[in-house]
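> coordinates only, sequence not included:
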DNA sequence: CACGCATCTTAACAGTGTAAAGTTAATAAT
DNA sequence: ATTATTAACTTTACACTGTTAAGATGCGTG
């Protein structure tokens, strides 16, 4: 309780790490200031020397999540097209990485898109990290549209693609859909099939 | 504090109504037992005579939400195909209703799919109400597949469709996508264009 | 009338985020 | 080297949360 407690050194990073481990282990509602502080070995209000809020801590956590998500997306996309690392990343690979991240880190994923951090405008770094993630999909979709010569709006197509992948992630995490209900063996297969349907078209003809 | 308070008559419905109005006005985090009780003119713990939990109250609220959502979906689908009320509902119409409900009742929509009610298995009536909603889309997609003679799995196509529509709803509500970023005039247009992309296909050719 | 019972109230508890004020120790200035 | 400044951390306290336990109320039935 002398030097060891005071001037912890890098308390900020320690708090982030504790919060991350509690989040992954026990879910977002267990990430309380007192829990984080106890696990870090510090008083409950020590956090306020390094963060303005609990929300700011969560925003930092969410930002790290988006960075890891983007990384995983490009890794998974690279796996599916090992040859051309220069072209735009493979869309299905990006989707696989997205859903894999969401299901492997469900609590963090909830935090990234949940209402705990509140208004995105308060944390530009968080909005930026999320935008990079969307950018990956947008680039891939745009490249694919150029290749096929389709006249569609790249922005609309990218938005639709992101929506489907994001919807898959949240609905799987909520237990509302699963590979089992589609008579498939794994969620990876479900993602691939859904991407195929999306890219090839469900009815092969425009409606209305 | 005499007869007027005791034996309220239909306190259960009154609590639901109060909770609903608070939810719509001030968001889900303002729906506290004390707020609901105060607005109903009753003590904070009176709720426990009619619900096991706060969660149960929220589950009932969410169930009503799913019922209203399903209703709106069929109404919007009917608007788009006034002729054939007998066939399967129009997919784009269902999607329009879905997104319209989500954006017009964002707090309720959050509650319906959020983590406040917790495990779906605890409330079969809630799961059932959600399943009806999914069933509408599944039927529409299956009918469309039959018409076009496509060999795709109806379950996969329906899951993909629901995912896209649900993703659109949540991402719009989170302020992550909007008609503006797609250079469109309204969210209705965005939904229609996204559905068109989904149904017709983005690249018109299978990938991978 | 009286009993039982569902309904509602009051009081209390453990938990939450956060503000205010006090304590400690490392750093800067003289 | 001593002092002043200041950032980092603790203690205390407050208003709020959901929930439990015990008591009060009055309706319906014997």
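Alright, I've got the coordinates. What you see is a predicted model, and the numbers here were worked out from it, not measured in a lab.
> give me the helices and strands touching the top helix by length along chain A, please.
The single longest helix within chain A, with elements called by DSSP state H, is helix A:54-80. Contacts defined by 3 or more Cβ pairs under 8 Å, 6 or more residues apart in numbering or on different chains; DSSP states H and E place helix A:54-80 against helix A:11-26, helix A:91-104, helix A:106-113, helix A:124-148. The way it works is simple: take the backbone N, C-alpha and C, and place the C-beta from them, glycine included.
> chain neighbours aside, what residue packs nearest to the residue in chain A positioned nearest to chain B?
Closest approach of chain A to chain B (Cβ to the nearest Cβ) occurs at residue A:201, with a separation of 2.2 Å. Closest residue to residue A:201 apart from its sequence neighbours, by Cβ to Cβ, 6 or more residues apart in numbering or on different chains: residue B:201 at 2.2 Å.
> wait, that neighbour sits on residue A:161?
No: counting by Cβ atoms under 8 Å, residue A:161 is not a contact partner of residue B:201; they are 11.9 Å apart.
> neighbour-wise, which of the two wins?
Neighbour tally, residue B:201 and residue A:161, criterion other Cβ atoms under 10 Å in any protein chain shown: the higher count belongs to residue A:161, 28 against 24.
> that older thread, how about the helices and strands packed on helix A:54-80, which one is nearest residue B:67?
Proximity to residue B:67 (Cβ to Cβ) singles out helix A:106-113 among the helices and strands packed on helix A:54-80, at 25.6 Å.
> what about that closest one and DNA strand C, any contact?
No: contact of helix A:106-113 with DNA strand C (Cβ under 7 Å from any atom of the strand) is absent, the minimum separation being 12.8 Å.
> tell me the angle that helix makes with helix A:91-104.
Angle, helix A:106-113 to helix A:91-104, by axes from the mean of the first three to the mean of the last three Cα atoms, to 10 degrees: 110 degrees.
> which helices and strands sit right next to helix A:106-113?
If you count contacts as 3+ Cβ pairs under 8 Å, 6+ apart, helix A:106-113 packs onto helix A:11-26, helix A:54-80, helix A:154-173.
> out of these, which comes closest to residue B:54?
When the helices and strands packed on helix A:106-113 are compared by Cβ to Cβ, helix A:11-26 sits nearest residue B:54, at 20.1 Å.
> from memory the residue of chain A closest to chain B sits against residue B:200, does it?
Yes: contact criterion Cβ under 8 Å: residue A:201 and residue B:200 qualify, at 4.9 Å.
> where does chain A have low pLDDT?
When residues are selected by pLDDT under 70, those of chain A lie in A:1-8, A:83-86, A:202-208.
> now with 50, please.
Along chain A, the parts satisfying pLDDT under 50 run over A:1-4, A:206-208.
> quick one on the thing from earlier: deepest-packed of the helices and strands packed on helix A:106-113, please.
Across the helices and strands packed on helix A:106-113, averaging neighbours per residue (mean count of other Cβ atoms under 10 Å in any protein chain shown) puts helix A:154-173 on top, at a mean of 25.
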